[in-house]
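A.B. asks: What shape does this take:
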Amino acid sequence: MMQRHFSVWPARRPHSLTLPATALPYNLTVSAARYPDKAALVYYGREISYRTLADETARLAGYLQRQCAVGRGDRVMLYLQNSPQFVIGYYAVLMAGAVVVPVNPMNRTAELSHYAADSGARVAIAGQELARHLAPLAGRGELGHAVIAAYGDYLPEASARPARLPEVVAAAAERPDWAGAVAWRDALGANEAPEPVDVGPGDLAVLPYTSGTTGSPKGCMHTHRSVMATAVGAASWQAPLADAVHLMTLPLFHVTGMTHSMNLPVFTGATMVVMTRWDRELAAELIERYRVTHWINIATMAIDFLANPRAGDFDLSSLQIIGGGGAAMPAAVAERLHALTGLAYAEGYGLSETMSQTHMNPPERSKPQCLGIPSFDVDSRIIDVESGGELGPDEVGEIVSRGPQVFEGYWRRPQDTETAFIDIGGERFFRTGDLGYYDEEGYFFLVDRLKRMINAAGYKVWPADVEAILYRHPAILEACVIAAPDERRGETVKAMVVVREGRELSEAELMEWARGQMAAYKVPRRVEFVDALPKTATGKLQWRALQEQEWAAQRPS
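C.D. replies: Presented below is the predicted three-dimensional model:
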């Protein structure tokens with residue numbers, strides 16, 4: 001195991017953690033016993049105690065077992081936006097001994113059909129606004145039962161609500177009218193007590209799907225132990241207490257939000273301030289009102305937060321940690337965030353296959369645009385993509401990792417599982433598909449995805465490198481760099497740019513500025529100004545879609 005990063009290891013933290021030998025629902029049971037009357041969730045003005053959270057979780061678990069025939073190892077789709085029902089549904093499925101299949105709420109019927117068929121899920125818990133996409137599965141016999149949730153069921157009295165409510169939250173509750181579907185309130189109203197299930201750390205807990213680079217989405221098999229590893233690891237790294245307040249803005253179906261905005265605070269008994277939809281103005285209001293201490297987000301969210309001309313009008317002094325991952329935080333954005341809050345943006349790194357973080361920046365010694373150092377019990381290396389040989393400091397290769405949070409493999413895909421791992425010295429390492437390097441102190445840096453490199457007349461250009469520089473331009477709000485076909489160079493650099501409101505920027509001005517900021521071969525030869533860039537539900541730029549559109553447009557018809 002590489003140990004050079006121990007020289008910058010956070011003070012008073014062990015190098016290794018002893019993980020609980022319990023299943024995830026026990027974390028909720030413990031927090032409810034310790035802090036029964038403490039606010040577990042705050043939902044647009046309503047506070048839900050840990051006692052209530054645990055009680056409703058148990059009742060839903062009993063309903064799933066007795067009325068939906070959910071048993072140990074069965075898969076249940078969770079098709080919801082951030083809400084109290086997501087948290088309750090997640091822990092209820094686990095309490096019933098089943099496996100959570102978190103589904104992106106942007107998915108529609110055809111995609112849901114794939115998840116149901118691939119995972120074998122016959123039961124779903126869904127948001128009311130999404131039920132119409134789920135109903136056809138029941139009509140075709142692909143789904144047996146569904147619990148349909150109206151988010152507004154958990155709103156406080158009208159006088160206690162904020163003025164800005166998402167439409168899906170304000171919508172009135174409707175009873176589902178298709179076979180096998182039941183309203184959330186009726187499921188809880190059945191008052192079914194759950195049957196104890198003998199589930200341990202080695203049992204499957206969560207099956208998040210990852211699209212990867214090709215083919216249909218694949219389920220990542222995570223056990224209670226691997227999910228526990230990142231929750232406990234993050235809690236030990238950040239050292240938050242029960243009195244911490246977490247702003248929940250990342251989608252919970254994704255492993256980063258799932259870990260840092262839900263599983264971590266449930267483990268520590270902290271409070272979760274839930275946002276169903278991102279709203280930069282309301283986020284600032286909630287931070288001020290509830291004295292939020294922890295906010296894990298992504299770069300695009302932070303950029304939008306800073307773009308609010310009123311951001312400086314709010315009291316953000318309660319914040320202790322702001323961080324995230326998914327994509328490198330541009331230095332210029334991090335500087336503006338630091339100027340506003342006084343905090344350094346804490347970056348981390350992980351994948352669906354690792355249930356969030358394998359790397360985190362030390363709180364006292366973070367580096368900008370850096371993945372961080374390997375987390376507790378993580379062994380991470382850099383290998384040559386072709387030979388698999390291990391590389392040294394500052395040499396670019398593929399990042400590979402092993403640790404307690406690494407998944408068991410891809411659900412029902414033994415061949416994909418086999419190719420996802422490599423043996424190094426008799427140990428099984430996961431191949432991330434990400435290019436990076438580490439420095440002399442053991443900090444890891446991302447260069448790019450293996451297939452995203454631009455080969456411009458033999459010069460290798462890493463888009464993330466160019467994007468980080470473009471973000472320094474005062475008129476640029478967002479940027480995405482892709483490869484464009486070029487008759488002479490084979491490929492050339494193209495920048496897709498969103499200009500800040502009230503600013504003006506021409507292609508010639510941007511290219512002239514870029515020539516003074518980066519090597520000539522990196523300078524975008526083409527610039528396209530757009531109103532917005534496509535993003536996934538987790539806020540990541542969909543560079544691959546833009547890349548494919550660019551090349552498709554250049555092909556002869």
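A.B. asks: Contacts only, for residue 456.
C.D. replies: If you count contacts by C-beta atoms under 8 Å, 6 or more residues apart in numbering, residue 456 has them with 483, 486, 489, 490, 491, 492, 493, 521. C-beta here means a position set from N, CA and C on the backbone, and glycine is covered the same way.
A.B. asks: list the contacts for the fourth one?
C.D. replies: What it means is residue 490. Contacts for residue 490 (C-beta under 8 Å, 6+ apart) come out as 455, 456, 457.
A.B. asks: now the first one, nearest residue through space, not along the chain?
C.D. replies: To tie it back to what came earlier, the one meant is residue 455. Distances taken as C-beta to C-beta, 6 or more residues apart in numbering put residue 491 closest to residue 455, at 5.5 Å, once the chain neighbours are dropped.
A.B. asks: Is that neighbour in a helix, a strand, or coil?
C.D. replies: Judged by DSSP: H, G, I helix; E, B strand; the rest coil, the three-state class of residue 491 is strand.
A.B. asks: give me the beta-bridge partners of it?
C.D. replies: The residues listed as beta-bridge partners of residue 491 by DSSP bridges are residue 485.
A.B. asks: can you pull the buried residues of the helix of greatest length in the chain?
C.D. replies: Longest helix of the chain, by residue count under DSSP state H: helix 50-67. Judged by neighbour count using 16 or more other C-beta atoms under 10 Å, the buried positions of helix 50-67 are 50, 52-54, 56-65.
A.B. asks: In terms of secondary structure, what does it contact?
C.D. replies: Secondary-structure packing of helix 50-67 (3 or more C-beta pairs under 8 Å, 6 or more residues apart in numbering; DSSP states H and E): helix 25-34, strand 39-43, helix 84-95, strand 145-149, helix 184-189.
A.B. asks: Pairing partners for the helix or strand following it, with directions?
C.D. replies: Counting by DSSP states H and E, the next helix or strand C-terminal to helix 50-67 is strand 75-79. Strand 75-79 has these partner strands in its sheet, going by DSSP bridges: strand 99-102 (parallel), strand 123-127 (parallel).
A.B. asks: I'd like the ones you listed written out as a markdown table, with mean neighbour count added.
C.D. replies: Listed next are the strands paired with strand 75-79 as a markdown table, based on neighbours: other C-beta atoms under 10 Å:
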| stretch | mean neighbour count |
| --- | --- |
| strand 99-102 | 26 |
| strand 123-127 | 27 |
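A.B. asks: Which stretch among these approaches residue 381 most closely?
C.D. replies: Among these, strand 99-102 comes nearest to residue 381, with 29.7 Å by C-beta to C-beta.
A.B. asks: Could you list the alpha-carbon positions for the closest one in CSV?
C.D. replies: Taking Å, rounded to 0.1, in the frame of the first residue of the first chain, the C-alpha atoms of strand 99-102 are listed here in CSV:
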residue,chain,number,x,y,z
VAL,A,99,-32.0,-3.9,-2.0
VAL,A,100,-32.5,-0.2,-3.1
VAL,A,101,-32.4,0.4,-6.8
PRO,A,102,-32.1,4.3,-7.0
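A.B. asks: which stretches of this structure have low pLDDT?
C.D. replies: Scanning the chain for pLDDT under 70 picks out 211-215, 449-451, 555-557.
A.B. asks: Top of the contacts of residue 456 by number of neighbours, please.
C.D. replies: residue 493 (25 neighbours; other C-beta atoms under 10 Å).
A.B. asks: so how many other residues sit close to the closest residue to it other than its chain neighbours?
C.D. replies: Of all residues not flanking residue 493 in the chain, residue 524 sits nearest, at 4.8 Å (C-beta to C-beta, 6+ apart). Close neighbours of residue 524, defined as other C-beta under 10 Å, add up to 24.
A.B. asks: quick one on the thing from earlier: of the contacts of residue 490, which is the nearest to residue 465?
C.D. replies: Nearest to residue 465 among those is residue 456, at 12.7 Å by C-beta to C-beta.
A.B. asks: What about the nearest residue to that closest one once chain neighbours are set aside? Give its phi and psi, please.
C.D. replies: Nearest residue to residue 456, sequence neighbours excluded (C-beta to C-beta, 6+ apart): residue 489, at 5.0 Å. Backbone torsions of residue 489, given as degrees, to the nearest 10, read phi -90, psi -10.
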